[in-house]
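>>> Test case, fold it:
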Amino acid sequence: MEQKEKEKYQKIWRFKEYSIYSNECNNLETIYKWAIKKPIKNITIVGCGEGYGLHYFAQKGYNVLGIDIVNVNRFSQYKFVESPIWQANIPYYLDYGYSDLIIAIDVLEHIPPEKLDNTLKNISNSCKFFYFSIFCKEDNMGKLINDNLHLSVLKPEEWLAKIREYFIIENYNGGNVNIIIKGRYKDGK
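Below you'll find the model as predicted:
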């Protein structure tokens, strides 16, 4: 499965439309305004894509780590790990052992359903705070490669229930298509 998913993303990143469509950059200022109020020094971006978020937060003085299934990162000066997020051992990659903040923008819906619980558990055990932006419907970009990119398509209330199993939600903003969830890990998990 991992190889098939990797090949899928190697194909899709060849399309400029996919890069332009990426939601990561649209959220950076909003995330920064929220994060600056928290005790955050270290940020991990899962599904970091071309690395614009890494560059943005590094320029703001944060230590950054990017993780993605394929390496299309344009900023080689920042630490990057090529791995499917459901296999990533996030604390292992960090010199400081955990991430203050893990950001996943348009990422969780790309995870195979059978890997979703372990991925959320891994993230919750690896950070103090999280910022998730989740698209709650089938993707359109997969048509470019005749494949489906969103493997875990859940309704907003289903995402909220699943995330509450592993995290404390501090803020929720959403509708029928895209939801944004911010919060912190649960003690003892």
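
>>> and residue 24, what pLDDT?
Predicted confidence (pLDDT) for residue 24: 60.

>>> Begin at 36, not 1, for the rest of this chat.
Right, with 36 as the first residue, what we last looked at is residue 59.

>>> Number of residues surrounding residue 114?
Residue 114 has 17 neighbours, counted by other CB atoms under 10 Å. Heads up, the C-betas are built off the backbone N, CA and C, glycines and all.

>>> Over to residue 133?
Using other CB under 10 Å, residue 133 has 15 neighbouring residues.

>>> Which helix or which strand is home to the nearest residue in space to residue 66 that is not next to it in sequence?
Excluding its sequence neighbours, the residue lying closest to residue 66 (CB to CB, 6 or more residues apart in numbering) is residue 166, at 5.3 Å. Assigned by DSSP states H and E, residue 166 belongs to strand 162-170.

>>> Can you give the contact residues for the helix or strand just after that strand?
Counting by DSSP H and E, the element after strand 162-170 in chain order, helix or strand, is helix 191-199. Here helix 191-199 makes contact (CB atoms under 8 Å, 6 or more residues apart in numbering) with 143, 151-152, 155, 167, 169, 171, 189, 204, 207, 209-211, 214, 216, 218.

>>> Next: stretch 139-152.
By CB under 8 Å, 6+ apart, stretch 139-152 touches 36, 40, 57-59, 62, 80-82, 88, 120-121, 154-155, 158, 165-171, 174, 184-189, 194, 197, 200.
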